[in-house]
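1. Got a predicted model here, sequence first, then my questions.
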Amino acid sequence: MTETEERPYHHGSLRDALLSAAERTLRAQGQDELSLRELARQIGVSHAAPRRHFRDRQALLDALAITGFERLGAKLEAAIEAADDVFASRLHDAVGAFVRFATQDAALLELMFSTKHRDGAEEVREAASAAFATLPGLIEQGQAEGLLAAGTSSRAGIVLLATVQGIATLINGGMVEAERLDELVDAAVEQFLRGNRPD
């Protein structure tokens, strides 16, 4: 196959193939190694083909971040829905889902959050908001049941997110063994519930 020949991708599958190849590169080599030309070479299309879907490298990074937030949101929603109606169980499973995603896809998570804060990344920010859309309702359930102090759900959610992000950072940085993930999730949920009890 020459440089200008292309595999017969069906409509939409070239974009998916590029994103899959980009995610593999991100995991193996980091964000700095991502380039549209190299991705085109990897999947066997012309170097110009990726620009049908991504006008430049930043557009590719934004798409990766959006895909990551969509995947994270689906995992959080599935974890909450699969748990029983007991608030502590739903909270525990949501926290566990986030930490597992953050430790299994550390490079992707870093890209997601760094891209979200870039000027002009409105679509990424919208995807991030959608990913965490289930959490305010979960916090409000705890407040309605008298298990969490009344107040804004966003404040409690920020504290919870900071806690679970911290656990993931410690594991990803090798400061804490990955085998302790479940133990740390248990402790984080217990401390969050204790620290946010109504007076």
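-> All right, it came through fine.
2. Around the nearest residue to Gln143 once chain neighbours are set aside, count how many other residues there are.
-> Nearest non-adjacent residue to Gln143, counting by Cβ to Cβ, 6 or more residues apart in numbering: Ala150, 5.6 Å away. (Glycine included, C-beta is placed from N, CA and C.) Other residues lying near Ala150 total 11 when counted by other Cβ atoms under 10 Å.
3. Ala150 and Leu39, how far apart?
-> From Ala150 over to Leu39 the distance is 50 Å, taken as Cβ to Cβ, to the nearest Å.
4. which helices and strands does the lengthiest helix in the chain pack with?
-> Using DSSP state H to define each element, the chain has its longest helix at helix 57-82. Helix 57-82 is packed against helix 13-29, helix 36-43, helix 87-104, helix 106-116, helix 122-131, helix 134-144, with contacts defined by 3 or more Cβ pairs under 8 Å, 6 or more residues apart in numbering; DSSP states H and E.
5. can you list the domain ranges for this protein.
-> The record's domain parsing of the chain by automatic domain parsing lists 1-55, 65-195.
6. which of those is buried the deepest?
-> domain 65-195 (a mean of 17; mean count of other Cβ atoms under 10 Å).
7. Now render the helices and strands packed on helix 57-82 as JSON lines, adding distance to Ser154.
-> Putting the helices and strands packed on helix 57-82 into JSON lines (distance: least, Cβ to Cβ, whole Å) gives the following:
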{"stretch": "helix 13-29", "distance to Ser154": "30"}
{"stretch": "helix 36-43", "distance to Ser154": "37"}
{"stretch": "helix 87-104", "distance to Ser154": "16"}
{"stretch": "helix 106-116", "distance to Ser154": "16"}
{"stretch": "helix 122-131", "distance to Ser154": "11"}
{"stretch": "helix 134-144", "distance to Ser154": "7"}
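8. Redo the ones you listed as JSON lines? Include mean pLDDT and distance to Arg197.
-> Formatted as JSON lines, the helices and strands packed on helix 57-82 follow (pLDDT from 0 to 100; distance: least, Cβ to Cβ, whole Å):
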{"stretch": "helix 13-29", "mean pLDDT": "92", "distance to Arg197": "40"}
{"stretch": "helix 36-43", "mean pLDDT": "90", "distance to Arg197": "50"}
{"stretch": "helix 87-104", "mean pLDDT": "95", "distance to Arg197": "12"}
{"stretch": "helix 106-116", "mean pLDDT": "93", "distance to Arg197": "30"}
{"stretch": "helix 122-131", "mean pLDDT": "95", "distance to Arg197": "28"}
{"stretch": "helix 134-144", "mean pLDDT": "91", "distance to Arg197": "10"}
